[in-house]
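1. coords below, sequence missing:
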């Protein structure tokens, strides 16, 4: 055939789009208004594609188990972890984190885990959501 | 009557460093006669990011993640080449299962990269609906990557002495589902790319790299194999467990029976390599032995071994774009590698641009330039800045500088 893409294109007219329309089918004219409408229950967010098992999302920190051995600081590639000498605990800046989960692997007490949370965009890099301690 | 004599002068057209047709900064200076390219000069050095310099304050495990960020598409080949270089220097033996798992991730990345390239090639030709079709298919591979490693692009799967995650039996169905999807749709992909009139008109006979030029200019990867040169690190110097598998060089004559070395052949080459990767992945899963996945699971112990180690090593890997080489020198008593040098495959594929582009039309520049799958930021390994002034070195000066540096390192 001379134009072998044509049948695919024609059949695509009657198919649903392949992409997941997250968070809304059409771009809202105002994101703030859309989010307000969502919180009021007037609009609905189309859920994102589910993350698979073993996804590396936001780090969760179990403070009680941590002994302050600082091994995680030694392997963190982007220096996202800070040591707090008074408490002997750590503080993780997620705005620097590259989500490699190397600190999870090295932690001898298993106090660091990766959650499924990935919607971490924020205007302030030192906001509460982006600091784990 | 006097006949008027006209002299045709060539004129110059600069393309780049920032240009809509180019994805990354690189500068071409074309000498043009009418619509034909008479001469071309390439100048590099617009995206130096000092990745190697940054490695000086990081230990080998941290450098793995730095190496991952040399290139977004080759986010597996750079760390694996680095890991192989360190293993070579220290003498770490990778367990069998680790070697097989490394093949799976390597081939998965090759498929992702070639599918991405096929989409970009369609876009450069001006056929954007094929771009969307190929990238829709590539999405399946990215889903599989995410399932096996935890992330879509920056995989974070490499560890010195093996891999970080195992592939268990319950993960096999998803792998086979994806591979079967590609096998079923391969014919469709071939039909769209190779039978379509648009592609034939744009790509056949464009950007020819002859067998002799490919050999002479040391082109690597699919670029050289599309010209008929049988060069593949996986076969030439088998690493991982490639020596256990049934694998051979692939050249475009497997499908068409002839080698032209044009852009069309490079499309065929990459499509055939996707098919080969599916075959290799199936063989690997079939033959995978049981056992450990990493030589030293305790990372603090690994770090102390690396601190004591001394020596230099070289890591080779057949990346989707060709052969990637990492050189590492370790010093006893220091956590950080003493030296780390990267040679990305695009470095070798820059000079072949010149014979490819000569004699082509202006409109063919994007597709011919994209046909080697260039990755400029991986290639830029050195920039010379003195008192905020940038300058160039000629061959002798550069050679002298390299000799000086080698002597300094040998001390």
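-> Good, I have the coordinates. The structure presented is a predicted model; accordingly, all values stated were derived computationally and were not measured. Numbers count the residues shown, from 1 in each chain, chains lettered A, B, ... in the order given.

2. Low-confidence stretches in the stretch 151-300 of chain B?
-> Low-confidence segments of the stretch 151-300 of chain B (pLDDT under 70): none present.

3. Hmm, I typed the wrong one, I wanted chain A.
-> Checking chain A against pLDDT under 70 turns up A:1.

4. Which residue is the nearest non-sequential neighbour of the residue nearest the centre of it?
-> Geometric centre of chain A, nearest residue: residue A:118, 1.6 Å, by C-alpha atoms, centre = their mean. Of all residues not flanking residue A:118 in the chain, residue A:57 sits nearest, at 4.7 Å (C-beta to C-beta, 6 or more residues apart in numbering or on different chains). Quick note: C-beta positions are derived from backbone N, CA and C, even for glycine.

5. I'd assumed residue A:113 was in contact with the one you found.
-> No. Look at residue A:57 against residue A:113 with C-beta atoms under 8 Å: they stay out of range, at 10.0 Å.

6. Quick check: phi and psi on the residue nearest to residue A:118?
-> phi -110, psi -150 (degrees, to the nearest 10).

7. on that earlier part again, let me see the contact set for the residue nearest to the centre of chain A.
-> Residues counted as contacts of residue A:118 (C-beta atoms under 8 Å, 6 or more residues apart in numbering or on different chains) are A:51, A:55, A:57-58.

8. and it, backbone torsions?
-> Torsion angles, degrees, to the nearest 10, at residue A:118: phi -130, psi -10.

9. Which residue, other than its chain neighbours, is closest to residue 130?
-> The chain I'm using is chain A. Nearest non-adjacent residue to residue A:130 (C-beta to C-beta, 6+ apart): residue A:94, at 4.3 Å.

10. meant chain B, my bad for not saying
-> Counting by C-beta to C-beta, 6+ apart, the residue nearest residue B:130 is residue B:122, at 3.7 Å.

11. re earlier: I'd like to know how far the residue nearest to the centre of chain A sits from residue B:353.
-> 39 Å (C-beta to C-beta, to the nearest Å).

12. residues near residue B:111, how many?
-> When counting by other C-beta atoms under 10 Å in any protein chain shown, one arrives at 28 neighbours for residue B:111.

13. quick one: it and residue B:317, what's the gap?
-> 16 Å.

14. Please apply the same query to residue A:132.
-> Here residue A:132 is placed at a distance of 35 Å from residue B:317 (C-beta to C-beta).

15. Check for me that residue B:313 belongs to a strand.
-> Yes. Checked against DSSP: H, G, I helix; E, B strand; the rest coil, residue B:313 lies within a strand.

16. OK, contacts around it?
-> The contact partners of residue B:313, taken as C-beta under 8 Å, 6+ apart, are B:84-90, B:327-328, B:330.

17. same question, residue B:256
-> Contacts of residue B:256 by C-beta under 8 Å, 6+ apart are B:265, B:268.

18. if we go to 7 Å?
-> Residues counted as contacts of residue B:256 (C-beta atoms under 7 Å, 6 or more residues apart in numbering or on different chains) are residue B:268.

19. Contact partners for residue 95?
-> In the absence of a named chain, this looks at chain A. By C-beta under 7 Å, 6+ apart, the neighbours of residue A:95 are A:125, A:130.

20. right idea, wrong chain: chain B
-> Residue B:95 makes contact with B:162, B:291-293, B:295, according to C-beta under 7 Å, 6+ apart.

21. how close does the nearest residue to residue B:33 once chain neighbours are set aside sit to chain A?
-> Excluding its sequence neighbours, the residue lying closest to residue B:33 (C-beta to C-beta, 6+ apart) is residue B:10, at 4.7 Å. Separation of residue B:10 from chain A (C-beta to the nearest C-beta, to the nearest Å) stands at 37 Å.

22. Surely residue B:10 touches residue B:37?
-> No. Using C-beta atoms under 7 Å, residue B:10 is not in contact with residue B:37, being 9.7 Å away.

23. and the residue of chain A found nearest chain B, how many neighbours?
-> With C-beta to the nearest C-beta as the measure, residue A:77 is the residue of chain A nearest to chain B, at 3.7 Å. Neighbours of residue A:77 under the rule other C-beta under 10 Å: 24.

24. Okay, and it sits in which element?
-> Under DSSP states H and E, no helix or strand contains residue A:77.

25. quick one, strands of chain B?
-> Applying DSSP state E to chain B gives strands spanning B:11-15, B:27-33, B:36-43, B:158-159, B:162-163, B:311-319, B:322-330, B:339-343, B:385-386, B:389-390.

26. picking up where we left off before, quick one, which of residue A:57 and residue A:113 is more surrounded?
-> More neighbours surround residue A:57 than the other of residue A:57 and residue A:113, with 18 against 14 (other C-beta under 10 Å).

27. what does the stretch 151-300 of chain B put close to chain A?
-> B:151, B:156, B:164, B:191-192, B:195-197, B:299-300 (C-beta under 7 Å from any C-beta of the partner chain).

28. got those residues as CSV, with distance to residue B:359 and neighbour count columns?
-> Formatted as CSV, these follow (distance: C-beta to C-beta, whole Å; neighbours: other C-beta atoms under 10 Å in any protein chain shown):
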residue, distance to residue B:359, neighbour count
B:151, 44, 21
B:156, 45, 23
B:164, 49, 20
B:191, 31, 15
B:192, 29, 24
B:195, 27, 14
B:196, 25, 22
B:197, 23, 11
B:299, 55, 20
B:300, 60, 14
